[in-house]
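Engineer: With the sequence up front, the predicted model follows.
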Amino acid sequence: MARGTLRIYLGAAPGVGKTYAMLAEAHRRLERGPDCVVGVVEHHERPRTEVLLHGLEQVPRREIEYRGTRFAEMDLDAVLARRPRVALVDELAHSNVPGSRHAKRWQDVEVLLDAGVDVVSTVNIQHLESLGDVVQSITGVRQRETVPDEVVRRADQIELVDMSPQALRRRMAHGNVYQADRIDAALSNYFRPGNLTALRELALLWVADRVDEYLREYRGAHDIRSTWQARERIVVGLSGGREGRTLIRRAVRLAEKGAGGEVLAVYVTRSDGLTTTSPQEIAAQRELVESLGGTFHHVVGDDVPQALLDFARGVNATQIVLGASRRKFWQYAFGPGVSTTTARQSGPDLDVHIVTHEEVGAGRGLPTSGTARLGRARIVWGWLIGVAGPVLLTVLLALVVGRRSEGEGPGLANEVLLFLALTVCAALLGGLRPALASAAVSSALLNWYFTPPVRTWTVTDMGNVLALGVFLAVALAVSSVVDQAARRAHQASRLRAEAETLSFIAGGVLRGDTSLETLLARIRETFGMETVALWERTSPTGQWTCAAWTGGAKPPRPGGADVDMPVGDDMTLALAGRVLPAADRRVLAAFAAQAAGLLNWQRLRLAADEADELAEGNRMRTALLAAVSHDLRTPLAGITASVTSLRSDDITWSPEDEAELLAGIEESAARLDHLIGNLLDMSRLQTETVRPLIREVDLDEVVPGALGGVPLDRVVLDIPESMPMVSADPGLLERVVANLVENAVKHAPPDKPVKVAASSLGNRVQLRITDRGPGVPDSAKPGIFEPFQRYGDSPRGSGVGLGLAVARGFAEVMNGTLEAEDTPGGGMTMVLTLRAAEPHPDDLPDLPSPTFG
């Protein structure tokens, strides 16, 4: 069965019109014929949303009772039994009431998709899990209902429902989002213009990134190499010189002129060592580009212009920023330079900016690692001088000087020196082969035209024979020395490039970089590959499993890749894109070893975390057993003794004695119930199975009910009527207050009641439980919130030391805090801080844009 498709309407904030757009889409689909039903739509009793529900089949919801209240959730089984073509499921990030089939609504949607049902849903940008901290820093509200980003990214269609902050606030002011009594609070808190603008920017950028991801997948699937200028992406070519900082800042300014601009700084390490680079300068430029919001990339390539263009087209860049050449005027004789060559070869799809700087014309300077390997231009000039130079020199000597038979000319010795100079020049420019050719041609021309008898190959004078022999030997020696020097310089340059790459690997270890995917991406960039994958053998039959990969549509398999680099017997690094020369495999082996080490480190870290969890569980179980050995047996022993006494036929108990024994049984049973309740609560906290049902709660309704376990004359309650409501789970809040008050009463003197007072500060509400007991020193305050901890001389049997631990755990689950402070004049004050109730960001209906402009 084919999997269903998922369409999501994404909004920046409640009220922009996601639910309205979803219902309008449902009516359009019904007109076209597909079977469409409403799985769940939260209309919040708003007339305009209810109007759009007319004409749509609604699957009845399932009612679930939780803590004495009935809630209506989507009936997943009923929707599956109905088997519609399309199902509308509102609020993708919604948390289902405990007792539902799944904890989250997006999990229900996954089941529908697997069953072949197309789903249309809605979600706000603040509900994406990765943006939780960002949204909290903007709005001050922590979103507890979240959906994993991957769930939304896998959607077949994502449509942004956008609205300006001014229009949304105007819509709220007209009463189309919240009820009249909540409008002012909403406009002055969550829906402030700054909040809405920031959330809108988050939504736009997130959707833009998703569109860019779609574009990359499409270009890769269709093997499109040319640049599509859908988004300004600027590549900065760095040579390692001081002008790099100027280029980076100029590229950032260019990116800021367009929406969503991106800057990628690229440093190409040439194996021919054409330029001198300072590691400190490269590190400084990397820090600069990253501080300005760009990224730094290190690429190895022999042909710098081609490496830059390949990288730019690989990332679908639109512009390249390069510095003007630092060459002096005479150095242009050896080639046009990187900037000019890149501009010539860029084609119509890439704009190349050549930026002037202070280093223009200052010269390149000598590389610290040796001279450069002979380039193509130098080799061509070497052949021209080595072959054509002697011919031109012969013609010049024949025309200007005349024939030797007339007794004129510089003489054979000087002529030999002139030809030797040409051979040396050919060797310096072109290396061994042009020099050998120059020596051969020069020897032949000297013998034929300038060595008596001329125009014959015979040499009669032994002095001339010696001169020709010395000439040939010197030419060969100079050519060999120059060629060996070039080779050694090339080797030194390549070793320097390898050292820089290995230094990056070592630096990653020192910096604590533990992302295997990041390392594989660096390997792909360094060697210019399309796809890199790390495979391991996971079965005795030789079955390979891909541990991680980056790049193309699918990872290359071992044996079918362009390059295979084994790491031990059961792991290999596979690369696809081109065949690497043998000289590159040494560095690749270091990368492969690092990748294997990272994979093993991640697994060891996971095993260590599991071991820590087991150790913590063992510690908890040990403490629990120690507590149970006495604290739970004490009330059980009291109950047993009282029951045995009452059942005894040997003693006749008076009514007063029976009442006292029954009271003892009741007290021991209550203590036992309290201890077991705390143990169960701590177990739920440790296993993270507590799911709070956050809603608006009035302290006047919860706090008095939490005082039922203590005498009324021991507590003074002070909660003003003007106190705002709080966002909390009523049941959990009652347990927190009950534990705090019982603990305070236990340590307070009988004649000094405990005070429970509430106050508000900004968007926070504080509940302070104050006692006049002995108090706790500052050094011991953190320990009182640990499980199974008793402070001071608390007698055994008075509890297992879980009350405060459970209270803090429940407070944090409700996004609150619990701290201990000293009471002025003696004693301790427990401060419970909760978030004041604000309009909860629910999906709200949209209205037709003509109505509100």
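Structural biologist: Thanks, I have the structure now.

Engineer: so what's the nearest residue to Arg808 once chain neighbours are set aside up against?
Structural biologist: Leaving out its chain neighbours, the residue that sits closest to Arg808 by Cβ to Cβ, 6 or more residues apart in numbering is Leu818, at 4.4 Å. All C-beta atoms are positioned from the backbone trio N, CA, C, and that covers glycine. By Cβ atoms under 8 Å, 6 or more residues apart in numbering, the contact set of Leu818 is 736, 740, 785, 804, 807-808, 811-812, 830-833.

Engineer: Also Leu350?
Structural biologist: 227, 309, 312-313, 317-320.

Engineer: tell me, what residue is most central in the chain?
Structural biologist: Ser130 (8.8 Å; Cα atoms, centre = their mean).

Engineer: Next, the contact list for that residue, please.
Structural biologist: Asp149.

Engineer: re earlier: look at the residue nearest to Arg808 and give its secondary structure.
Structural biologist: Assigned with DSSP: H, G, I helix; E, B strand; the rest coil, Leu818 falls in the strand class.

Engineer: low-confidence ranges in the stretch 651-800 of the chain?
Structural biologist: 671, 674-675, 677-679, 681-690, 787-800 (pLDDT under 70).

Engineer: now the helices for it?
Structural biologist: 655-686, 699-706, 730-747 (DSSP state H, counting those that start in this stretch).

Engineer: Now tabulate those helices in a markdown table and tack on mean neighbour count.
Structural biologist: Formatted as a markdown table, the helices of the stretch 651-800 of the chain follow (neighbours: other Cβ atoms under 10 Å):
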| stretch | mean neighbour count |
| --- | --- |
| helix 655-686 | 15 |
| helix 699-706 | 17 |
| helix 730-747 | 22 |
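
Engineer: Export those as JSON lines, with columns for distance to Glu25.
Structural biologist: Formatted as JSON lines, the helices of the stretch 651-800 of the chain follow (distance: least, Cβ to Cβ, whole Å):
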{"stretch": "helix 655-686", "distance to Glu25": "41"}
{"stretch": "helix 699-706", "distance to Glu25": "41"}
{"stretch": "helix 730-747", "distance to Glu25": "38"}
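
Engineer: And stretch 35-42, what's buried?
Structural biologist: Neighbour counts over stretch 35-42 (16 or more other Cβ atoms under 10 Å) mark 36-42 as buried.

Engineer: Adding distance to Leu436 and secondary structure, write those out as CSV.
Structural biologist: Listed next are the buried residues of stretch 35-42 as CSV, based on distance: Cβ to Cβ, whole Å; DSSP: H, G, I helix; E, B strand; the rest coil:
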residue, distance to Leu436, secondary structure
Cys36, 83, strand
Val37, 86, strand
Val38, 87, strand
Gly39, 84, strand
Val40, 85, strand
Val41, 86, coil
Glu42, 86, coil
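
Engineer: quick one: which of those is nearest Glu415?
Structural biologist: Within the buried residues of stretch 35-42, the smallest distance to Glu415 is 98.4 Å, found for Cys36 (Cβ to Cβ).

Engineer: Give the closest residue to that closest one in space, chain neighbours not counted.
Structural biologist: When the adjacent residues along the chain are set aside, Cys36 lies closest to Val86, with 4.2 Å between them (Cβ to Cβ, 6+ apart).

Engineer: Isn't Arg768 up against Thr833?
Structural biologist: No: using Cβ atoms under 8 Å, Arg768 is not in contact with Thr833; the gap is 9.7 Å.

Engineer: before we move on, back to that, pairing partners for the residue nearest to Cys36 in the sheet, please.
Structural biologist: Cys36, Asp118 (DSSP bridges).
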